[in-house]
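In: Based on what follows, work out the 3D shape:
(one chain, ligands or ions: 1)
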Amino acid sequence: MKRIFGFIAIIFLLGIFACSSSSDDDDGMMPDNDQALIEAQNYFNNTLRPVIVDKCVSCHEGKHNKNDRFNFSVFTNARNSATSMFNQVDAGTMPKDGDKLPQSEIDMFEEFRDLVNKIN
Ligand code: HEC
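Out: Residues are numbered from 1 along each chain as shown. A predicted model of the protein is given here:
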């Protein structure tokens, strides 16, 4: 009887090693793409989005629904327009008819554009 328990214990341990080594493999194979996407999303949510909500959505969200491609408070739309957003705020053409953004905020749009470019 004892030997059976020993045997089961060994099978069990082998199972644990098999699982942990295969999950290591998964980590190793995780495409850089996913990391870059997560980084861009985190940067967007924590840093850039509050600026967009404050300075852009009064015009760009309006009565449009969330799928509107110029509603930049939605990650997908901001991602698709990352370069164009940076160019506009850097040139001072956006916010339209408003003061040019402070350099610290323009830098955030630039950082976001760079993070987005790393995804592809
Ligand atoms: C006062 C209203 C207003 C504000 C505030 C505003 N926008 Fe705009 N934006 C517009 C309008 C209107 C257009 C359409 C093009 C035009 O009339 O210049 C536009 C166009 C754009 C475009 C170009 C779309 C394209 O590809 O043609 C981008 C990018 C953009 N805005 C980014 C921003 C960002 C980023 C902010 C915030 C920092 C912002 N806008 C704030 C009104 C505004």
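In: Identify the residues contacting residue 117.
Out: 82-83 (Cβ atoms under 8 Å, 6 or more residues apart in numbering). Yep, even glycine has a C-beta here, placed from its N, CA and C like the rest.
In: any idea of the mean pLDDT in the helix or strand it falls within?
Out: Secondary structure from DSSP states H and E places residue 117 in helix 103-119. Helix 103-119 shows a mean pLDDT of 97.
In: And stretch 47-62, by the same measure?
Out: In the prediction, stretch 47-62 has an average pLDDT of 90.
In: Name the surrounding residues that touch that stretch.
Out: Counting by Cβ under 8 Å, 6+ apart, residues outside stretch 47-62 touching it are 68, 70-73, 78, 94-96, 98, 101, 105, 108-109, 111-112.
In: check whether the helix holding residue 117 contacts the ligand.
Out: No - counting by Cβ under 6 Å from any ligand atom, the ligand has no neighbours in helix 103-119; the shortest distance is 6.7 Å.
In: Offset the numbering so it begins at 866, please.
Out: Got it, the first residue is 866 from now on, which makes the last one we talked about helix 968-984.
In: Please identify the buried residues of that helix?
Out: Residues of helix 968-984 classed as buried: 970-971, 973-975, 977-978, 980-981, 984 (neighbour count, 16 or more other Cβ atoms under 10 Å).
In: State the distance from the residue nearest to residue 961 when sequence neighbours are not counted to the ligand.
Out: What sits nearest to residue 961 in space, not counting adjacent residues and going by Cβ to Cβ, 6 or more residues apart in numbering, is residue 924, at 6.7 Å. According to Cβ to the nearest ligand atom, to the nearest Å, residue 924 and the ligand sit 3 Å apart.
In: secondary structure element for residue 924?
Out: Judged by DSSP H and E, residue 924 forms part of helix 922-925.
In: Please name every helix or strand in contact with the following helix or strand past that helix.
Out: On the C-terminal side of helix 922-925, the nearest following helix or strand under DSSP H and E is helix 940-945. Helices and strands touching helix 940-945, by 3 or more Cβ pairs under 8 Å, 6 or more residues apart in numbering; DSSP states H and E, are helix 968-984.
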